[in-house]
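Asks: below is the structure, and that's it, no one-letter string:
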């Protein structure tokens with residue numbers, strides 16, 4: 001069965017051109033002042049905007065909701081906003097796919113799929129990003145067998161530097177497909193994505209406090225026994241909070257309204273916001289706050305459809321760095337991070353997040369060619385982060401870590417070429433599709449080279 005577009009292109013507003021203004025990302029870590037902004041209503045209009053920018057000598061970047069902490073989308077040239085490129089183009093139930101416009105927020109996609117009785121297999125824990133922004137930077141959740149959102153892509157449509165609209169898949173331009181599923185905005189502007197989907201199912205989530213020593217000792221077993229396992233360690237304590245998600249026959253048993261509000265809004269957002277503000281003002285209070293916070297979240301079990309289990313509201317703004325390690329290096333690296341924090345004067349108010357992913361075949365995926373585990377460190381926005389992130393990054397790179405493309409890091413092309421076996425394959429595709437670096441900026445120059 002094939003569906004029809006939910007928002008016909010003919011019914012959309014034509015391309016809007018805005019006077020330049022200052023663009024800021026979600027965390028406030030990046031600002032840019034483009035020469036011009038456009039909001040195209042179709043791939044054809046976007047292609048025309050790209051051609052005109054090239055004729056005028058303007059660089060071109062597309063932005064989503066700004067959830068990347070890096071300057072991957074910053075430009076002083078033409079800024080493309082995808083606000084009119086939204087909605088589902090087609091649902092193909094026989095093939096098990098959905099094709100969606102690139103500016104569609106993940107939240108809207110998940111809600112629309114649920115109404116159709118469909119779901120993505122896996123996703124990250126935030127769904128405010130656009131589908132193109134999330135996939136272009138390698139957004140991922142956690143999974144024993146199911147990989148990142150980008151690994152669920154079956155086809156891509158993008159506008160390349162010469163203004164042509166190119167479609168790629170495993171059978172059509174496969175070299176481009178191997179690179180463009182996590183393209184960093186370096187190969188073109190994505191206009192539509194075809195995802196693999198499956199009939200909606202239920203997940204049972206089991207959240208449980210657990211000691212750091214137990215989690216690290218049993219890490220391999222916990223990963224092997226659960227479809228999706230992750231945990232958070234609270235620095236300055238020996239406490240963790242674990243989450244195990246597994247498919248369930250049901251029935252659905254979502255968190256009660258009151259208990260869900262207490263856990264997800266009051267404690268995880270409201271009280272946590274106040275604690276972070278206090279810690280930023282008076283860093284000496286952070287260890288005591290961490291001990292209280294790590295004991296505040298109680299064990300709970302609930303069952304619901306996937307996106308309601310995988311994702312959580314994140315209203316406390318922060319800065320983040322995340323590295324992917326060979327999975328076998330996770331425990332040693334995390335213990336090194338803990339030891340570093342304990343012997344340093346650092347005061348860390350945010351928990352450290354640990355997730356896993358199977359190996360995939362995407363050139364610049366953080367899990368490319370190897371089973372991976374992720375260590376993500378955060379600090380409350382406005383808190384000096386350089387000393388903490390530098391110390392953690394030193395540990396991560398000693399283990400061959402690969403930085404998340406949308407999160408803070410200091411690595412450059414020379415380092416990245418060593419940890420990504422297919423790095424040269426990606427840059428060769430880039431050289432062919434964008435030899436003049438129409439889609440380039442300072443961030444891409446650092447991480448990909450000239």
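Replies: Done, it's in. All of these numbers come straight from a predicted model, not from anything done at the bench.

Asks: what segments of the stretch 201-350 of the chain are strands?
Replies: Chain-ordered strands for the stretch 201-350 of the chain, with DSSP state E, counting those that start in this stretch as the definition, fall at 202-211, 228-233, 239-248, 300-304, 318-326.

Asks: columns distance to residue 294 on top of these, output as TSV?
Replies: The way it works is simple: take the backbone N, C-alpha and C, and place the C-beta from them, glycine included. Output for the strands of the stretch 201-350 of the chain, formatted as TSV (distance: least, CB to CB, whole Å):
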stretch	distance to residue 294
strand 202-211	8
strand 228-233	9
strand 239-248	4
strand 300-304	16
strand 318-326	17
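
Asks: can you tell which of these is closest to residue 367?
Replies: Across the strands of the stretch 201-350 of the chain, residue 367 has its closest neighbour in strand 318-326 (6.3 Å, CB to CB).

Asks: name the helices or strands packed onto that closest one?
Replies: Applying 3 or more CB pairs under 8 Å, 6 or more residues apart in numbering; DSSP states H and E, we find strand 318-326 packed against strand 372-380, helix 386-398, strand 402-403.

Asks: what comes up buried for it?
Replies: If you call a residue buried by 16 or more other CB atoms under 10 Å, then strand 318-326 has these buried ones: 318-325.

Asks: residues contacting the residue most central in space within the chain?
Replies: Relative to the mean C-alpha position of the chain, the nearest C-alpha, by CA atoms, centre = their mean, is the one of residue 139, at 2.5 Å. The neighbourhood of residue 139, defined by CB atoms under 8 Å, 6 or more residues apart in numbering, consists of 124, 129, 148-150, 406.

Asks: what's the closest of these to residue 392?
Replies: Nearest to residue 392 out of the contacts of residue 139 is residue 406 (CB to CB; 16.9 Å).

Asks: burial of that closest one, as a residue count?
Replies: Each residue near residue 406 was counted by other CB atoms under 10 Å, and the total is 23.

Asks: how far away is it from residue 134?
Replies: Look at residue 406 and residue 134: by CB to CB, to the nearest Å, they are 9 Å apart.

Asks: okay, and the common contacts of these two?
Replies: Between them, residue 406 and residue 134 share the neighbouring residues residue 67, with contact defined by CB under 8 Å, 6+ apart.

Asks: wait, residue 161 sits on residue 188?
Replies: Yes. Shown here, residue 161 and residue 188 form a contact pair, counting by CB atoms under 8 Å, at 6.8 Å.

Asks: residues shared between the contacts of those two?
Replies: Taking CB under 8 Å, 6+ apart as the criterion, residue 161 and residue 188 both touch 433-434, 439.

Asks: most neighbours, which of these?
Replies: Each of the shared contacts of residue 161 and residue 188 was scored by neighbours using other CB under 10 Å; the highest score is residue 439's, at 26 neighbours.

Asks: is it true that residue 375 touches residue 325?
Replies: Yes. Residue 375 lies in contact with residue 325 (CB under 8 Å); the separation is 6.8 Å.

Asks: list the contacts for residue 165?
Replies: The contact partners of residue 165, by CB under 8 Å, 6+ apart, come to 43-44, 47, 157-159, 191.

Asks: redo that, cut-off 6 Å
Replies: Neighbour list for residue 165: 43, 47, 159 [criterion: CB atoms under 6 Å, 6 or more residues apart in numbering].

Asks: do the same with residue 349
Replies: By CB under 6 Å, 6+ apart, the residues touching residue 349 are 276, 279, 286, 380.

Asks: same thing but at 10 Å, please
Replies: When contacts are counted by CB atoms under 10 Å, 6 or more residues apart in numbering, residue 349 is found next to 234-236, 272, 275-280, 283, 285-287, 289-290, 293, 316, 318, 378-380, 383.

Asks: how close does it get to residue 316?
Replies: Applying CB to CB to residue 349 and residue 316 gives a distance of 10 Å.

Asks: cool, residue 419 as well?
Replies: From residue 419 across to residue 316, the span is 31 Å (CB to CB).

Asks: list the buried residues of stretch 387-397.
Replies: 388-389, 391-393, 395-397.

Asks: same check on stretch 348-366?
Replies: Neighbour-count burial for stretch 348-366, counted by 16+ other CB under 10 Å, picks out 348-358, 360, 362-366.

Asks: where in the stretch 251-400 of the chain is pLDDT low?
Replies: Along the stretch 251-400 of the chain, the parts satisfying pLDDT under 70 run over 257-269.

Asks: mind jotting down where the helices sit in it?
Replies: In chain order, the stretch 251-400 of the chain shows helices spanning 257-260, 272-281, 286-296, 306-310, 330-343, 386-398, with DSSP state H, counting those that start in this stretch as the criterion.

Asks: and the angle for the third one with strand 202-211?
Replies: The reference is to helix 286-296. Orientation note: helix 286-296 sits at an angle of 140 degrees relative to strand 202-211 (axes from the mean of the first three to the mean of the last three CA atoms, to 10 degrees).

Asks: what is helix 286-296 packed up against?
Replies: Helix 286-296 sits against strand 202-211, strand 239-248, helix 272-281, with contacts defined as 3 or more CB pairs under 10 Å, 6 or more residues apart in numbering; DSSP states H and E.

Asks: quick one: the residue lying closest to residue 371 once chain neighbours are set aside from residue 400, how far?
Replies: The shortest distance from residue 371 to any residue other than its chain neighbours is 4.3 Å, reached at residue 327 (CB to CB, 6 or more residues apart in numbering). Relative to residue 400, residue 327 is positioned 12 Å away (criterion: CB to CB).

Asks: and the two? which has more neighbours close in?
Replies: Each of residue 327 and residue 400 had its neighbours counted (other CB under 10 Å), and the higher figure belongs to residue 327 (20 against 14).

Asks: contacting residues for the more buried one?
Replies: In this structure, residue 327 makes contact with 219-220, 223, 356-359, 367, 370-374, judged by CB under 10 Å, 6+ apart.

Asks: which one of these sits closest to residue 301?
Replies: Using CB to CB, those come closest to residue 301 at residue 223, 19.4 Å.

Asks: what about the closest one, how many neighbours?
Replies: Neighbouring residues of residue 223 were enumerated by other CB under 10 Å; the total is 22.

Asks: pLDDT score assigned to it?
Replies: Reported pLDDT at residue 223 in the predicted model: 98.

Asks: just to check, it is in contact with residue 242?
Replies: No. Under the criterion of CB atoms under 10 Å, residue 223 lies out of contact with residue 242, with a separation of 11.2 Å.

Asks: between the two, what contacts are shared?
Replies: Counting by CB under 10 Å, 6+ apart, the shared contacts of residue 223 and residue 242 are 229-230.

Asks: so what's residue 308 closest to, chain neighbours aside?
Replies: Sequence neighbours aside, residue 254 is the residue nearest to residue 308 in space, at 6.7 Å (criterion: CB to CB, 6+ apart).
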